[in-house]
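Visitor: Quick one, structure for this:
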Amino acid sequence: MPVAQLVATELDRIVVRRRAEQEVVNEPGGWQRSILSPVVPGVNFEWIRTTLPPGCDAGVFFASASGSHEVLAVVEGALRLTIDTTTVDLKAGDSCTSRLTRRTATRTPHGSRAPTSWRH
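Guide: Numbers count the residues shown, from 1 in each chain. As a prediction, this is how the structure comes out:
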């Protein structure tokens, strides 16, 4: 196989989702989520950026597909994360991971905005 064909094959694997193409959803309570990751057939991966205003309770999210994991990183501010009955307070620079087979709730303390990065 010629080198040019190998390079073209590798470049065909790059999937780009431009900012203008990202799905942005404004949720009740004033928080926002943006799906950053491109859709790739056969790949179960989603990278989501959420921004919660001060004092926001984003509600409760229930279990996802069996075997799914979630990774969360707090970009700035603070976030209270409750998974089932365990609560963790996270600050800018903190991250955590858990299985998505549990009930999850997030909220920000009053006076703290919390842009976060999620990977499902």
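Visitor: need the helices for this structure, in chain order.
Guide: 3-12 (DSSP state H).
Visitor: Any stretches of it with poor pLDDT?
Guide: Per-residue confidence for the chain (pLDDT under 70) gives these ranges: 1-12, 63-65, 113-120.
Visitor: who's the nearest residue to residue 87 once chain neighbours are set aside bridged to?
Guide: In this structure, residue 87 finds its nearest non-sequential neighbour in residue 80, 6.3 Å apart by C-beta to C-beta, 6 or more residues apart in numbering. All C-beta spots, glycine's among them, are computed from the backbone N, C-alpha and C. Beta-bridge pairing for residue 80 (DSSP bridges): residue 89, residue 107.
Visitor: wait, doesn't residue 80 sit right on residue 89?
Guide: Yes - in this structure residue 80 lies within contact range of residue 89 using C-beta atoms under 8 Å: 5.5 Å.
Visitor: So for the two, which residue has more residues nearby?
Guide: More neighbours surround residue 80 than the other of residue 80 and residue 89, with 16 against 11 (other C-beta atoms under 10 Å).
Visitor: so what's residue 61 up against?
Guide: Listed by C-beta atoms under 8 Å, 6 or more residues apart in numbering, the contact partners of residue 61 are 103, 104, 105.
Visitor: can you do 6 Å?
Guide: Contact analysis of residue 61 by C-beta atoms under 6 Å, 6 or more residues apart in numbering lists residue 104.
Visitor: That's all I had, so thanks and see you.
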